[in-house]
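need coordinates for the below:
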Amino acid sequence: MIVKQLQLNNFRNYEHLDMTFGPGVNVLSGYNGQGKTNLLEALYCCSCARSHRTSRDTELICRGADGYRIELRYDTDRYQDETLTLAYFNHFPDSSQEKKSRRLLWHDGLLQTRIASLYGLFNAVIFAPEDLMLVKDGPSERRRFMDILISQLKPGYFSDLQQYTKVLNQRNTLLKQLRDKSAYGLERLDLLLKTEWETWTDKLADIALSLIRQRLVFTEQISQLAGQFHHQIANENEQLSLRYYSQCAAAVQAAETDDVAGQIGQLRQLYRRSYDNDVARGTTGSGPHRDDLILSINGQPLKAFGSQGQQRTAVLALKLAELNLLKQYTGEMPVLLLDDVMSELDILRRSCLVEAIKGCQVFISCTDTEAIQTELKELGRTQTIDFYQVQAARISHLDGPAALADERKSAGD
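Modelled structure (predicted):
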C-alpha cells in the first residue's frame, strides 16, 4: 500500500493540511510539539478509525472546532487512487434534530453505513514509544492490540466484537436487576429475570466462542512469527512466546477442536456455574472482555520478570510480526509508521528493523536526521527517501538532510 496524499481539517494542531508523499521512505523531522506524531496518528486512524494514543475522538479535534476530517488518497495492489474519508462531528443533527456526536466514513466517495467497513481497506502498522505499554499495562491494552489486528486480518471479527459488546451489556444490566430484586425479596420478578438472563447467556456464549476461536488461531500465528524475529534480535538463549489466557478458552479447549456444539455447551455451563458470583457483582466475570495475552521469555512472564531491554526487544519483535502477518493475509505490505522509535533502539535492533521494513512505504518521525543517517543510507539503497520539515503544523518538502539543516538554522535565527 502506498499513501499518495493526506488532507487534514481541524485534526489535532492542523487546521488545514494538504500534502503528497513519496512511495518510499518519508522522513518527518522537527522539534517536539510541532505535529509529527499527529500526522502519523491521522494515517493510523485511517486503518482502524481509532487513535493509538486515545479512545476519545474529542481529543483529536483542533481547539475551537466542532469536529475533524481526514481524507486519504492511496494505491493498493488491486486499485489505484482509492480514497478514504473519516470525519467526526461533536454535534451532528440527527433525524430528531437532536445534536449528537457521530463518526462518518466514505470509501471512494460512497458513505459507508458501518465504521466496521473500514477494516481491510487501508492497512498500517504503527510503532511508537507508547507500545512498551503492551507489556507494562494491564490486559485491556493487549486485548486492544489483538482486536485491532485481527479486525484488519478478518474484517468480520470486528462485527462479532461489536455484537458481543451489545449482548454483554444487556446481560450485565439483567445481572444488576437480579441482584437488586433479590435484595428486596421480589422472588417472582427474580424468576422472570433469570429466564431472560438464560436467553442472553446463550447468545453471549455463541458469540464468545467465535471470538475465542479466532483469538486462539491468531495467538498461535503471531507467537511463531514474533519468536522468529526475537531470535534474530536477542540472545539466542532467550525464547519469546505468547499465550492466550482465558477461563473460557480453557472450557473451549476441553471439547474436541471441530466439535462446535460441544464447545458452546462448555461455555454455557461455565456461565451458568458463575451465576451466583456474577449476580453478586452485577457484572459478567469471565469472557473475551476479561482475557489476556501473556508474553513470556523462557517461560517467565515478561511483565513481571523482564528487564527494560527485554521488554523493548519483545515489543519490536511483536511489531515486526504484526507487519508480516498483515502481509501474509493481504498479499501486500502495509504502510509502516515509526514514531521517533529509532532513538529508543540500539544499533542491533535498528539494523533488524531496517532489514525487515525494506520494500514497504515508511513514515519516520525524528528530531534529528543526523542520528539515523546509517539507517537512512541502508534504506536508500533500495527505496527513494523524501525529507520533510514539520514546524507549527506546517510541512515543507526538502531536498535532503543538507536542506533540513539549513531550514533548522533559519528557524533558529
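
on the three-state scheme, residue 130 is what?
helix (DSSP: H, G, I helix; E, B strand; the rest coil).

mind starting the numbering at 31 from now?
Got it, the first residue is 31 from now on, which makes the last one we talked about residue 160.

where does pLDDT dip in the stretch 331-443 of the chain?
430-443 (pLDDT under 70).

oh, I was asking about the chain
If you take pLDDT under 70 as the line, the chain has these spans: 123-129, 212-221, 265, 284-287, 430-443.

helices along that one, start to end?
Taking DSSP state H, the helices of the chain run over residues 66-78, 163-166, 169-183, 186-213, 217-263, 277-283, 290-303, 305-311, 332-335, 338-360, 377-387, 403-409, 431-442.

so who does the residue lying closest to residue 269 once chain neighbours are set aside touch?
Spatially, and ignoring its direct neighbours in sequence, residue 269 is nearest to residue 328 (5.6 Å; C-beta to C-beta, 6 or more residues apart in numbering). Quick note: C-beta positions are derived from backbone N, CA and C, even for glycine. Neighbour list for residue 328: 267-269 [criterion: C-beta atoms under 8 Å, 6 or more residues apart in numbering].

if we use 10 Å, what do you get?
267-271, 335 (C-beta atoms under 10 Å, 6 or more residues apart in numbering).

for the residue nearest to residue 90 when sequence neighbours are not counted, give the beta-bridge partners.
Using C-beta to C-beta, 6+ apart and skipping residues adjacent in sequence, the residue nearest residue 90 is residue 98, 5.5 Å away. Beta bridges link residue 98 to residue 118, judged by DSSP bridges.

which residues does residue 98 contact?
38-42, 44, 72, 75, 87-88, 90-92, 116-120.

so where do the strands sit in the stretch 31-180 of the chain?
Ranges of strands in the stretch 31-180 of the chain, per DSSP state E, counting those that start in this stretch, are 32-41, 44-50, 55-59, 97-105, 112-123, 129-137, 140-141, 154-157.

export those to a markdown table and tack on distance to residue 386?
Formatted as a markdown table, the strands of the stretch 31-180 of the chain follow (distance: least, C-beta to C-beta, whole Å):
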| stretch | distance to residue 386 |
| --- | --- |
| strand 32-41 | 18 |
| strand 44-50 | 26 |
| strand 55-59 | 14 |
| strand 97-105 | 22 |
| strand 112-123 | 26 |
| strand 129-137 | 30 |
| strand 140-141 | 35 |
| strand 154-157 | 11 |
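
tell me, how many residues neighbour residue 266?
7 (other C-beta atoms under 10 Å).

the residue most central in space within the chain and residue 204, how far apart?
Nearest to the geometric centre of the chain sits residue 178, at 4.3 Å (C-alpha atoms, centre = their mean). According to C-beta to C-beta, to the nearest Å, residue 178 stands 30 Å off from residue 204.

quick check: buried residues in stretch 279-298?
279, 281-282, 285, 293-294, 296-298 (16 or more other C-beta atoms under 10 Å).

same deal with stretch 144-154?
Buried, per 16+ other C-beta under 10 Å, within stretch 144-154: 145-154.

in a markdown table: those, plus distance to residue 191.
What follows is the buried residues of stretch 144-154, written out as a markdown table (distance: C-beta to C-beta, whole Å):
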| residue | distance to residue 191 |
| --- | --- |
| 145 | 12 |
| 146 | 9 |
| 147 | 14 |
| 148 | 14 |
| 149 | 11 |
| 150 | 14 |
| 151 | 18 |
| 152 | 19 |
| 153 | 18 |
| 154 | 20 |
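
from the residues you listed, pick the one nearest residue 258.
residue 153 (20.9 Å; C-beta to C-beta).

once you drop chain neighbours, what's closest to that closest one?
Nearest residue to residue 153 in three dimensions, chain neighbours excluded: residue 364, at 3.8 Å (C-beta to C-beta, 6+ apart).

ok so, going back, got a quick ChimeraX command for the buried subset of the contacts of residue 98?
One line in ChimeraX is enough to select the buried members of the contacts of residue 98, burial here meaning 16+ other C-beta under 10 Å:
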select :38,39,40,41,42,44,72,75,87,90,91,92,116,117,118,119
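
residue 249 contacts residue 243, correct?
No: contact criterion C-beta atoms under 10 Å: residue 249 and residue 243 do not qualify, at 11.0 Å.

I'd assumed residue 254 was in contact with residue 248.
No: using C-beta under 10 Å, residue 248 is not in contact with residue 254; the gap is 11.0 Å.

overlap in contacts of these two?
Joint contacts of residue 248 and residue 254 (C-beta under 10 Å, 6+ apart) are 272, 355.

out of these two, name the residue with the larger neighbour count.
Shown here are residue 248 and residue 254; by other C-beta under 10 Å, residue 248 has more neighbours (21 against 13).

give the closest residue to that one in space, chain neighbours not counted.
Per C-beta to C-beta, 6+ apart, closest to residue 248 is residue 180, 5.2 Å.

again, but for residue 372
Here the residue nearest residue 372, using C-beta to C-beta, 6+ apart, is residue 402, at 4.8 Å.

for the residue nearest to residue 269, phi and psi?
Backbone torsions for residue 328, taken as degrees, to the nearest 10, come to phi 50, psi 40.

skip the chain neighbours and tell me the closest residue to residue 312.
Spatial nearest neighbour of residue 312, excluding adjacent residues (C-beta to C-beta, 6+ apart): residue 206 at 4.2 Å.

ok, the closest residue in space to residue 276 that isn't next to it in sequence to residue 65 distance?
Among residues not flanking residue 276 along the chain, residue 321 sits closest, at 4.0 Å (C-beta to C-beta, 6+ apart). Applying C-beta to C-beta, the value for residue 321 to residue 65 is 37 Å.

more crowded one of these two?
Comparing residue 321 with residue 65 by other C-beta under 10 Å, the one with more neighbours is residue 65, at 24 against 21.

my read: that one touches residue 43, true?
Yes: using C-beta under 10 Å, residue 65 is in contact with residue 43, at 5.2 Å.

and for those two, which residues touch both?
Shared contacts of residue 65 and residue 43, counting by C-beta under 10 Å, 6+ apart, come down to 422-423.
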